[in-house]
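>>> Task: produce atomic coordinates for the following.
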Amino acid sequence: MPWLQRTTQIESRPAGILIDDRFRASLPVRELPRLAWFGIYCRHDPGIGFWHPDETESLDAIEQDLIRLCEQFGRGWTVYVMRVDTRGIREYYFYCGESAALAQTFPSLQAAYPDYRIEFEETADAEWSRYQTFLPDHDPHP
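Below you'll find the predicted structure:
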C-alpha cells in the first residue's frame, strides 16, 4: 500500500496524518459511499506528543484489532484509508459499502479494551470528501 505520512495543523493543533494514497486517482469510489470513524482516546497524558510512549504498545494492539474487526464485519466492502493523530486521540477512517456492518465492530472493540474511551460514528460520504481533505496537496487547515 502506498501510505503517505505527514504532519500538519488542524485547528491550530499539531496533527499526524497517515493516509493510503492509492485511491486518489479513482475518486470517489462509488461502491464505498459510507465513512466509518473510530476515535481511540489515550488513557495517559501525552505530554508534548500525540500519545504517551508507554501507551504505544496498547494503542498499536487496539489498532490491529480494529483493522481486523473491520475486515471481518466489512464483508469484503471496507477499506482502511486514514489515521489522524492529534494530542490524546487516534482517529481511524474506513470507507465501506452498504452491506458492511462496521457498527458491530464497536461493541467488540469496547469489550476487548474496557479501559479505553472508544467512539464510533458512521455517515454518508459518497464523494469521499473527508479523505480528499487530508490528501497532501489539499490542506484546508493552514
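>>> what sits against the residue lying closest to E31 once chain neighbours are set aside?
Nearest non-adjacent residue to E31, counting by CB to CB, 6 or more residues apart in numbering: G97, 5.5 Å away. Bear in mind the C-beta positions are built from the backbone N, C-alpha and C, glycine included. The contact partners of G97, by CB atoms under 8 Å, 6 or more residues apart in numbering, come to E31, L32, P33, R34, R75, W77, T78.
>>> Which of the residues you listed lies at the shortest distance from E122?
Within the contacts of G97, the smallest distance to E122 is 6.0 Å, found for R34 (CB to CB).
>>> F23 falls within a helix, correct?
Yes. Counting by DSSP: H, G, I helix; E, B strand; the rest coil, F23 is part of a helix.
>>> Show the pLDDT at it.
Model confidence at F23, given as pLDDT, is 92.
>>> ok so, going back, against E63, how distant is the residue nearest to E31?
From G97 over to E63 the distance is 22 Å, taken as CB to CB, to the nearest Å.
>>> ok, now G16?
As judged by CB to CB, G16 and E63 stand 13 Å apart.
>>> Tell me, what's the model's pLDDT at P140?
So P140 comes in at 44 (pLDDT).
>>> Spatially, and excluding backbone neighbours, which residue is closest to R130.
That would be L35: by CB to CB, 6+ apart, it lies 5.7 Å from R130.
>>> Determine the number of other residues adjacent to that neighbour.
22 (other CB atoms under 10 Å).
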